[in-house]
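Peer 1: Task: produce atomic coordinates for the following.
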Amino acid sequence: MARTHDRRAVWSWSLYDFANSAFTTLVVTFVYATYFTQGIAENEIEGTALWTRGITITAVAVALLSPFLGAMADRGGHRKRYLGIATVVCIGGTTASFFFGAGDVLPALVCIVVANIAYEMGLVFYNAFLPDLAPPDRIGRVSGTAWALGYLGGLIALALGLFLFVQGNVFGLDTETAEHVRATNLLVAVWFAVFSIPLFLFIKEAKPEDRPSTAALFSSAFSEMGETVRELGRYRMIVRLLLARLFYNDGLVTIFALGGIYAAGTFGFETDEIIFFGMALNVAAGLGAFLFGFVDDKVGGKTTLYASLALLCVATLVAVFGQTKAMIWAAGILVGLAAGPNQSASRSLLGRFVPDDKETEFYGFFAFSGKLTAFMGPLLFGILTTTFESQRAGVAVVLVFFVIGAALLTLVDEREGIELAGRPANTGEID
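Peer 2: Model prediction:
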């Protein structure tokens, strides 16, 4: 794909983060996740266990599918097409989940799992545009700005969900069946559909001259993956980065998937309090992602990741040992400030490491590393919560993943990774 560094294309790409963050914020983390555990499942403990198993299924499916579909997208020039399919499926699953109420555990969970798999697969194709859209010396701030827009989108969607549906109920929906809560999923579906349109209008994708047939595409995708695996020595910095991310991202997945559930179950947050909690976290995360994007371009992604992991460790300790709502609020703000830079710097650092024409394949491996063990955090959270009958025991496991990830990150040499990829070096200083 030609690097045009088209400003309109960059902003259209960034706006997709604004669009899709409504799904993770309202559905996966705060509103629908809490409603599922407290309103659909028989009880909160069973609901937590079932929700964590749904997250586990998502992680396994994405880990298995992402590298192969990434290779197919690169070989066939179908990156934007696959992103469109994933977007439509996610929107459809989110819409369908509105129709399920108390006792509809299986259909509600199936819809969310399908939507979540589509969302995660969409990120593979979406992220792969970054190295081609952003100039080398601005890739950190482009990634950071997109993450910031994403958190802004999640914040606005949360506010609309609170004032139009959950608290305000301006449409007079049935509160006895929690229709006013479930309707937030319809808000998410419309939001995602509308704000994803610019990407499909303004980002152009180069078509390969020798586009293969579907059968040949499957075969060539397997061949390319095999070639990549055989050349892992050449891409050793990517391997080390993905290995580190395999652990620290597991901690983030656990927080995002179960943060609202933890606030409700351990600290007694009501639905509207959880929404305000999510809004504050999104403000902090957006601010952190935007500001650290400039830091990323100046000192490098690795240093930015270290700083974010240190903050996340502190936040986890506060969440585990805090006894008041003020303490969990403090932990949430710290998570927000650190999570945005962590995700953004991971994405931009890989963008500096990937060779040209293999972007989607490697962002497929990026998703693979984020999902291969991503089931472990939610699964252990569920097991420890059930075993000790306390969600605090479940949250404590998050700290372990952050520490292991930080330790493995010491093996990554950012400058060597850029040189091996054959990309122009960052103009900033890199450790």
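Peer 1: switch to C-alpha atoms for all contacts and neighbour counts from now on
Peer 2: Fine.
Peer 1: now the helices: where do they sit in the stretch 201-350 of the chain?
Peer 2: Assignment of helices within the stretch 201-350 of the chain using DSSP state H, counting those that start in this stretch yields the ranges 214-230, 236-267, 271-299, 301-321, 325-353.
Peer 1: My error: substitute the stretch 51-200 of the chain in the last question.
Peer 2: 79-96, 105-127, 130-133, 139-160, 179-182, 184-195, 197-202.
Peer 1: Can you pull out the residues in contact with the fifth one?
Peer 2: Around helix 179-182, the neighbours that count as contacts under C-alpha atoms under 8 Å, 6 or more residues apart in numbering are 31-32, 35, 97-99, 165-166, 169, 172-175.
Peer 1: what about 10 Å?
Peer 2: 27, 31-32, 35-36, 95, 97-101, 161-162, 164-175, 271 (C-alpha atoms under 10 Å, 6 or more residues apart in numbering).
Peer 1: follow-up on the earlier one: deepest of the helices of the stretch 51-200 of the chain, which one?
Peer 2: helix 139-160 (a mean of 26; mean count of other C-alpha atoms under 10 Å).
Peer 1: and that one, how far out from the chain's middle?
Peer 2: 12 Å (C-alpha atoms, centre = their mean, to the nearest Å).
Peer 1: Which secondary structure elements does that helix sit against?
Peer 2: helix 7-22, helix 130-133, helix 184-195, helix 271-299, helix 325-353 (3 or more C-alpha pairs under 10 Å, 6 or more residues apart in numbering; DSSP states H and E).
Peer 1: okay, those in a markdown table with mean pLDDT and distance to residue 54 next?
Peer 2: As requested, those are arranged in a markdown table below (pLDDT from 0 to 100; distance: least, C-alpha to C-alpha, whole Å):
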| stretch | mean pLDDT | distance to residue 54 |
| --- | --- | --- |
| helix 7-22 | 95 | 19 |
| helix 130-133 | 89 | 30 |
| helix 184-195 | 98 | 17 |
| helix 271-299 | 86 | 21 |
| helix 325-353 | 91 | 22 |
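Peer 1: which one of these lies closest to residue 113?
Peer 2: Of all the helices and strands packed on helix 139-160, it is helix 184-195 that lies closest to residue 113, at 14.0 Å by C-alpha to C-alpha.
Peer 1: And that closest one, what does it pack against?
Peer 2: Partner elements for helix 184-195 (3+ C-alpha pairs under 10 Å, 6+ apart): helix 7-22, helix 31-35, helix 79-96, helix 139-160.
Peer 1: Which one of these lies nearest to residue 67?
Peer 2: helix 79-96 (13.0 Å).
Peer 1: In JSON lines: the helices of the stretch 51-200 of the chain, plus distance to residue 56.
Peer 2: Formatted as JSON lines, the helices of the stretch 51-200 of the chain follow (distance: least, C-alpha to C-alpha, whole Å):
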{"stretch": "helix 79-96", "distance to residue 56": "17"}
{"stretch": "helix 105-127", "distance to residue 56": "9"}
{"stretch": "helix 130-133", "distance to residue 56": "28"}
{"stretch": "helix 139-160", "distance to residue 56": "23"}
{"stretch": "helix 179-182", "distance to residue 56": "23"}
{"stretch": "helix 184-195", "distance to residue 56": "21"}
{"stretch": "helix 197-202", "distance to residue 56": "30"}
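Peer 1: Ok, which of these comes nearest residue 326?
Peer 2: Judging the helices of the stretch 51-200 of the chain by C-alpha to C-alpha, what sits closest to residue 326 is helix 139-160, at 20.3 Å.
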